[in-house]
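Asker: pasted the sequence and its predicted model underneath.
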Amino acid sequence: MRTYVIGDIHGCFQEFVELLDLCGAHAAGKPARLITLGDYVDRGPDSFRVVRLIRHRLRSLYPGFASIINLKGNHELMMAQAALGGELGVKQTWVSPDNGGDATVESYPNIELLRDDAAWLAELPTSCEDELRYYVHAGIRPGVRLKDQNDSDKLWIRHSFLKDRRPHEKYIVHGHTPVLKSDVQENRINLDTAAVYGGRLTAAVFDCLQPKPVAILQVKASSTR
């Protein structure tokens with residue numbers, strides 16, 4: 001079974017749907033698995049529709065995916081902390097220009113739906129794995145066993161992980177740090193290709209024979225944003 005893994009979406013609903021269709025066509029009716037790496041919300045215009053699709057309609061609209069796993073990113077964490085009783089400073093940090101939570105708030109029709117989705121997003125897992133690969137939003141702490149990784153590193157880590165070239169227990173599939181094109185290394189691949197900044201939304205295709213991807217699928221960001 002092939003595995004399709006999608007990087008950071010950040011409210012780019014149109015591109016997300018196009019990429020899902022592209023993945024479905026690539027699978028060509030064969031059983032497949034879908035994994036999304038988190039950061040569904042913030043910065044982009046349609047966080048509400050992205051979350052609603054993932055939460056309520058993904059399985060029915062794309063029945064070709066025999067398994068769907070949605071991981072949590074740091075932006076889901078910030079949204080949940082701010083929406084579910086966070087202090088004023090937490091809320092201000094989330095909606096700041098740096099983090100883009102204001103775009104998420106504007107996309108929701110009311111605060112009740114936002115809080116309901118935030119509670120659901122808060123419960124998403126921070127990682128999953130198969131025999132060859134470990135899937136996570138940001139990365140892992142080098143030198144720490146996969147079973148001992150903490151959620152903070154899995155959601156936030158950058159430089160110490162990205163600069164480490166040593167082999168890990170498994171091949172790491174992640175997003176979180178925007179790059180111009182999918183960054184394929186010997187020990188990891190970064191699938192955050194900056195769709196919300198005008199780049200592309202990326203999916204990597206994996207099989208059960210080798211750790212690295214067998215194909216890369218991409219949708220260019222809408223020029224109307």
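Answerer: On my side now, so go ahead. Numbers count the residues shown, from 1 in each chain.

Asker: run through the residues that contact Ile54.
Answerer: Counting by C-beta atoms under 8 Å, 6 or more residues apart in numbering, Ile54 touches Thr36, Tyr40, Asn70. All C-beta spots, glycine's among them, are computed from the backbone N, C-alpha and C.

Asker: no no, Ala27
Answerer: Arg2, Tyr4, Gly64.

Asker: if we use 7 Å, what do you get?
Answerer: Neighbour list for Ala27: Arg2, Gly64 [criterion: C-beta atoms under 7 Å, 6 or more residues apart in numbering].

Asker: for it, grab phi and psi.
Answerer: Phi and psi for Ala27, reported as degrees, to the nearest 10, are phi -70, psi -30.

Asker: quick one: secondary structure of Val205?
Answerer: Per DSSP: H, G, I helix; E, B strand; the rest coil, the local secondary structure of Val205 is strand.

Asker: bridged to it, which residues?
Answerer: Beta bridges link Val205 to Tyr4, Ala215 when assigned by DSSP bridges.

Asker: how close does it sit to Pro178?
Answerer: Using C-beta to C-beta, to the nearest Å, one gets 21 Å for the distance from Val205 to Pro178.

Asker: A strand includes Ile172, no?
Answerer: Yes: Ile172: assigned to a strand according to three-state DSSP.

Asker: pull the number of nearby residues for it.
Answerer: 24 (other C-beta atoms under 10 Å).

Asker: got a list of what it touches?
Answerer: Tyr134, Val136, Gly139, Ile140, Asn187, Arg188.

Asker: could I have the buried ones of the residues you listed as ChimeraX selection syntax?
Answerer: Buried residues within the contacts of Ile172, by 16 or more other C-beta atoms under 10 Å, are selected in ChimeraX with:
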select :134,136,139,140,188
